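A.B. asks: Fold the following.
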Amino acid sequence: MGAPRSKWHAEGVDPDYVPASTTLNALFADYAARYAGRVAIDYNDRELSYEGLARESARVAAGLRRIGVGKGDVVALYLPNTVLHPIFFFGILQAGAAVTHLSPLDAVRELEHKVRDSGARLLISLTQPPFAQRTLELLAAGILPRAVLADDAAWGGTGGPVPADDRVLSWETLVEGADATLPPVPVTPEDPSLLQYTGGTTGLPKAAVLTHAALAAAAQLYRYAWEHDPERVEKGERGLSISPLFHIMGLSAIMIRRIATGGVLILQQRFELEKFVDAIERKRPHSTGGVPTLWIAVANMPGVETRDFSSLRTIGAGGAPLAVETWRRIKALTGLGLRGGWGMTEIGAAGTMVPAGTPDAKMGTIGLPIPGIRIEIVSVDDPRKVLPAGETGEMRIKSPTLMSGYHNNPQETAESFVDGWFLTGDIGYADEDGFLYLVDRKKDLILSGGYNVYPLAVEHAVLEHPDVVEAMVIGLPDDYRGESAWAYVVLRDGAPPLTIEALRAFLDTRLGRHELPQGVEIRQALPRTAVGKYSRKTLRDEVLNARAAG
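C.D. replies: Model prediction:
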């Protein structure tokens, strides 16, 4: 039985599309040749063509091979958003090695764990603070034998001197005299291309191993969906992104997708409101997206009604629930409804997308599976029992983009698969049209008085309150119920205080009695992860520690 077809699929779409089994290196060479003269990256008002990206990554590959990096090795990329990222990323792959990403916001403990666990033998970073200092600390600790530090100043970024250390090479030394005509080191589709770290049950992150076949499949699925999107731009589609390239969504759903469709990636290092809106006006992107806090900032920007958003054809939001009022405000400004989607590290980010023409009545959906991917809703207690439309259960997925497993973690790998299906740990349901809706993470489920309470469902209801712009709900110990839901909210400027009595009265017709929060706390900000997602774990730890301290 194949993937079901929805009436909302574009004409000609085959839900069971099968991508070719190939390598990301082969696809990159194809795309770079096909779009050679087009702009690939626009960074700090400097442009790099597809031909230039191919040339510079080939120089990196030759330089890496010259210092002994080859097939079977892992190279750590410790970079913020910069044009150097795709240059190094594709260069490492062409040298036959695999990439692992370190986050600029990682604590020292996390950096050390990722380097040790991945077995990285080389780290590539920037000369600017704090990257150079952290790199030297890792070298001094004996965790790494060697590093390469590059200067972002030539691309409009900041730079600094290369430390005087025999274990550190400069970008110039790495690529000087490198033969860019050397063919890439032969790799197979089954060879690893990426060890991408994600949250771990032990508190330390674990690496999902994504093969060349997995990321190559993601590229082909993105391209297939784009080819059947009636809103696509045929030549030089421009996308503005502040999504971190060290995160799977930025890497796969943004960078690789843009390259696979011959588009332009307008890359910003971080979100700065005025720079972001200015880029929309000057660079005229066709698409952009971000976490809800980005859109909250845009909606509340003074004078935003006078800004020009007319170039945009699609806008997206993901990573957290979005207040209804924010959605309406952004639609009034842009004429566009914010489209969601869903993905995760273990599937190379490629999961679902909201097709063009989806009615506003389906606001909140994460869309349909990308063609070539199958997603089913199964019982939380029995992952082999498929549930009908409308019933809530765990999402399971079959996809050519799936990881081969967790690095150095065979037990968790085995526990994550049932009959070839990957158990996502995400709770959701499908409607009669096949559109999927995310309810919550399985691990965040609140057991209150014997009932299941899904924090995300409560958050969505709280965000319908006209004074609430951000909300998080967590489960806290309750002597009577075992656990109870507590809401933590950020209110709009000038809003009166929100009491628990007023909030429960507002939610009375929106939630079941067992779902109503037992308490509410107003905050100036809510904790987030390195990529802007709300962090329930951080919030819960803060609250429990404060309670313990009296």
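A.B. asks: Show the model's pLDDT score for the nearest residue to residue 65 once chain neighbours are set aside.
C.D. replies: Leaving aside its chain neighbours, residue 65 sits nearest to residue 95 (5.3 Å; criterion: C-beta to C-beta, 6 or more residues apart in numbering). Placement of C-beta: from N, CA and C, glycine included. What the model reports as pLDDT for residue 95 is 98.
A.B. asks: any idea how far residue 219 is from residue 95?
C.D. replies: The gap separating residue 95 from residue 219 is 20 Å, by C-beta to C-beta, to the nearest Å.
A.B. asks: more neighbours, these two?
C.D. replies: A direct count of neighbours by other C-beta atoms under 10 Å for residue 95 and residue 219 places residue 95 higher, at 29 against 26.
A.B. asks: For the more buried one, list the residues it contacts.
C.D. replies: 60, 61, 64, 65, 69, 70, 73, 184, 185 (C-beta atoms under 8 Å, 6 or more residues apart in numbering).
A.B. asks: from the residues you listed, which would you call buried?
C.D. replies: Taking 16 or more other C-beta atoms under 10 Å as the criterion, what is buried in the contacts of residue 95 is 60, 61, 64, 65, 69, 73, 184, 185.
A.B. asks: Out of the contacts of residue 95, name the ones that lie in helices.
C.D. replies: 60, 61, 64, 65 (DSSP state H).
A.B. asks: Now for those residues: which two are most distant?
C.D. replies: Using C-beta to C-beta, the two most remote members of the ones in helices among the contacts of residue 95 are 60 and 65, lying 9.7 Å apart.
A.B. asks: and the host helix or strand of residue 424, what other elements does it pack with?
C.D. replies: Residue 424 belongs to strand 421-430 when assigned by DSSP states H and E. The contact analysis (3 or more C-beta pairs under 8 Å, 6 or more residues apart in numbering; DSSP states H and E) places strand 421-430 against strand 374-378, strand 393-398, strand 436-441.
A.B. asks: How about the contacts made by residue 273?
C.D. replies: Residue 273 neighbours (C-beta under 8 Å, 6+ apart): 297, 298, 301.
A.B. asks: Save those residues as TSV, and put in pLDDT, distance to residue 483 and secondary structure too.
C.D. replies: What follows is the contacts of residue 273, written out as TSV (pLDDT from 0 to 100; distance: C-beta to C-beta, whole Å; DSSP: H, G, I helix; E, B strand; the rest coil):
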residue	pLDDT	distance to residue 483	secondary structure
297	92	33	helix
298	96	36	helix
301	95	39	coil
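A.B. asks: List the beta-bridge partners for residue 437.
C.D. replies: Taking DSSP bridges as the rule, residue 437 bridges to residue 429.
A.B. asks: Isn't it up against residue 365?
C.D. replies: Yes: with contact defined as C-beta atoms under 8 Å, residue 437 counts as touching residue 365 (5.6 Å).
A.B. asks: Find the residues that touch each one of those two.
C.D. replies: The contact sets of residue 437 and residue 365 overlap at residue 431 (C-beta under 8 Å, 6+ apart).
A.B. asks: hmm, which of the contacts of residue 273 are the buried ones?
C.D. replies: Using 16+ other C-beta under 10 Å as the burial test, the contacts of residue 273 include 297, 298 as buried.
A.B. asks: Out of the helices and strands packed on strand 421-430, which one sits most buried?
C.D. replies: Among the helices and strands packed on strand 421-430, strand 393-398 has the highest mean neighbour count (mean count of other C-beta atoms under 10 Å), at a mean of 22.
A.B. asks: List the neighbouring strands of that strand plus their orientation.
C.D. replies: Going by DSSP bridges, the partners of strand 393-398 are strand 374-378 (antiparallel), strand 421-430 (antiparallel).
A.B. asks: wait, which of the helices and strands packed on strand 421-430 is closest to residue 311?
C.D. replies: Residue 311 lies closest to strand 436-441 among the helices and strands packed on strand 421-430, at 29.6 Å (C-beta to C-beta).
A.B. asks: How far off centre is that closest one?
C.D. replies: In this view, strand 436-441 has its centroid 17 Å away from the chain centroid, taken as C-alpha atoms, centre = their mean, to the nearest Å.
A.B. asks: Extract the C-alpha set from it and format it as PDB.
C.D. replies: Coordinates of the C-alpha atoms in strand 436-441 are reproduced here as PDB (Å, rounded to 0.1, in the frame of the first residue of the first chain):
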ATOM      1  CA  LEU A 436      -1.300  16.400   9.600                       C
ATOM      2  CA  TYR A 437      -1.500  18.300  12.900                       C
ATOM      3  CA  LEU A 438       1.200  18.200  15.600                       C
ATOM      4  CA  VAL A 439      -0.100  17.800  19.100                       C
ATOM      5  CA  ASP A 440       3.100  17.400  21.100                       C
ATOM      6  CA  ARG A 441       6.200  15.600  21.900                       C
END
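A.B. asks: helices or strands up against that strand?
C.D. replies: When contacts are defined as 3+ C-beta pairs under 8 Å, 6+ apart, strand 436-441 sits against strand 421-430, helix 455-462.
A.B. asks: Neighbours of residue 81, how many?
C.D. replies: 21.
A.B. asks: mind listing what residue 454 touches?
C.D. replies: Residue 454 neighbours (C-beta under 8 Å, 6+ apart): 392, 427, 439, 440, 444, 445, 446.
A.B. asks: okay, who's weakest in those residues by pLDDT?
C.D. replies: Scoring the contacts of residue 454 by pLDDT puts residue 440 last, at 81.
A.B. asks: dump the residue contacts of it.
C.D. replies: 426, 427, 454, 455, 456, 457.
A.B. asks: and what of residue 213?
C.D. replies: 21, 22, 23, 189, 190, 400.
A.B. asks: Pull the number of nearby residues for the third one.
C.D. replies: By that I understand residue 23. For residue 23, using other C-beta under 10 Å, the count is 22.
A.B. asks: State the distance from it to residue 11.
C.D. replies: Plainly put, residue 23 is 31 Å away from residue 11 if you go by C-beta to C-beta.
A.B. asks: on that earlier part again, just so I know, which of the helices and strands packed on strand 421-430 lies nearest residue 284?
C.D. replies: It is, among the helices and strands packed on strand 421-430 and with distance given as C-beta to C-beta, strand 436-441, at 32.2 Å.
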